[in-house]
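K.L.:
Give me a model of this one.
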Amino acid sequence: MGTNWSVRIVEPPEGCDAAIHAVLARVIDQMSNWEADSAISRFNRSPIGEWMTLPDHMLGVLRAGLEVARLSDGAFDPAVGRAVDAWGFGPGTGARGTEPSPSCPWTAIEVDGSRAMRRADVALDFSGIAKGFAVDAVIDALRDVGVDNALVEIGGELRGIGVKPDIQPWWVDIEAPPGLSVLPLRVALSGLSAATSGDYRRFRMAGGRRLSHSIDPATGRPVADAVASVTILHDSAMMADAWATAILVAGPERGMALAKRHGLAARMIERGQTPREHLSPALEAMLD
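P.N.:
The predicted model follows:
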């Protein structure tokens, strides 16, 4: 998955290690664009107009991604893989810096029962949702082997259940963009997830501009560098992951409007001579 992971477990029962590794191997096998034989890679090579039966976990992530795409008016798009490749952030060989034609790639994906097909030459890319799904899946697997108290982190996406050995909740400091002076934000992740999308995680510089790996589906280009990061708190790490990406892409005004409309607990850090912090009403209510 191109990132690190960690799991903290209170009094871990036997079988935890095997359960965690089994989940992560399954996610990679189904959803890694970097593995040529993964289910997502095979789907992206499938003939246009031909149905392919998808494994259960990939199907669930695709359905969730398409729903967030609909609710965010396309700010989140699980089928933006061609543009990701074109700008040099994916496994493909697209020419860096080209400008893919603007489109709504997610609308070219059709799902029927357990199968899906591409109605145009688009490619699925779950980089904005799969880590969150993996966090949720690891939590579920740990619960199946008897774990009641744990904190799971994959690539900065977190979810906690239960409490620490000292009966304190899993307190975590929300990730802040490097080099920006913003007040720290500490939250208790007991029965809650946190996911952060930021332009500082994967980027490259071109012509003095920071090109983020987050692609705006409306333009087919990296998002503008006005928003440094977005953090979402949610019951589901998968949904927190997807919505953090959507609101980052949507930008300050539209993004925070989306958070308000859908009752999301969101924190946005906007770049500028003086960084600006935006908190959604749902997050402000949680912090009261």
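K.L.:
roughly how far apart are residue 270 and residue 196?
P.N.:
Using CB to CB, to the nearest Å, residue 270 is found at 15 Å from residue 196. All C-beta atoms are positioned from the backbone trio N, CA, C, and that covers glycine.
K.L.:
Between these two, which is the more surrounded one?
P.N.:
residue 196 (23 against 19; other CB atoms under 10 Å).
K.L.:
Could you say which helix or strand holds that one?
P.N.:
With elements taken from DSSP states H and E, the one containing residue 196 is strand 192-198.
K.L.:
can you name the farthest residue from the center of the protein?
P.N.:
When distances to the mean C-alpha position of the chain are computed (CA atoms, centre = their mean), the maximum falls on residue 166, with 31.1 Å.
K.L.:
Any regions of the chain where pLDDT drops low?
P.N.:
87-88, 90, 92-102, 199-213, 224-225 (pLDDT under 70).
K.L.:
let's see it at 80
P.N.:
Scanning the chain for pLDDT under 80 picks out the ranges 1-2, 86-103, 175, 178-179, 181, 199-215, 218-226, 272-273, 288.
K.L.:
the helices in it, which residues?
P.N.:
Remark: helices assigned in the chain by DSSP state H are 16-31, 39-45, 56-71, 81-86, 130-144, 237-250, 252-261, 281-287.
K.L.:
could you dump the ones you listed to TSV with distance to residue 189?
P.N.:
Shown next, in TSV, are the helices of the chain (distance: least, CB to CB, whole Å):
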stretch	distance to residue 189
helix 16-31	18
helix 39-45	29
helix 56-71	21
helix 81-86	29
helix 130-144	11
helix 237-250	10
helix 252-261	19
helix 281-287	12
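K.L.:
List the contacts of the spatially closest residue to residue 263 that is not a sequence neighbour.
P.N.:
Spatial nearest neighbour of residue 263, excluding adjacent residues (CB to CB, 6 or more residues apart in numbering): residue 282 at 5.3 Å. By CB atoms under 8 Å, 6 or more residues apart in numbering, the residues touching residue 282 are 259, 260, 263, 264, 265, 266.
K.L.:
Tell me the spacing between residue 282 and residue 261.
P.N.:
Separation of residue 282 from residue 261 (CB to CB): 11 Å.
K.L.:
neighbours around residue 104, how many?
P.N.:
Residue 104, neighbours per other CB under 10 Å, totals 15.
K.L.:
An error on my part: the question was meant for residue 165.
P.N.:
Here the number of neighbours of residue 165 (other CB under 10 Å) works out to 9.
K.L.:
And for the one 5 residues further on?
P.N.:
Burial of residue 170 is recorded as 22 neighbouring residues (other CB under 10 Å).
K.L.:
out of the helices of the chain, deepest packed?
P.N.:
Among the helices of the chain, ranked by average contacts under mean count of other CB atoms under 10 Å, first place goes to helix 237-250 (a mean of 29).
K.L.:
name the helices or strands packed onto it?
P.N.:
In this structure, helix 237-250 makes packing contacts with helix 56-71, helix 130-144, strand 157-161, strand 192-198, strand 227-234, helix 252-261, strand 265-270, judged by 3 or more CB pairs under 8 Å, 6 or more residues apart in numbering; DSSP states H and E.
K.L.:
I'd like to know which of the ones you listed lies nearest to residue 14.
P.N.:
helix 130-144 (12.3 Å; CB to CB).
K.L.:
Let me know the angle separating the closest one from helix 56-71.
P.N.:
On the basis of axes from the mean of the first three to the mean of the last three CA atoms, to 10 degrees, helix 130-144 is oriented at 130 degrees to helix 56-71.
K.L.:
what packs against helix 130-144?
P.N.:
Helix 130-144 packs on strand 5-9, helix 16-31, helix 56-71, strand 150-154, strand 157-161, strand 192-198, helix 237-250, going by 3+ CB pairs under 8 Å, 6+ apart.
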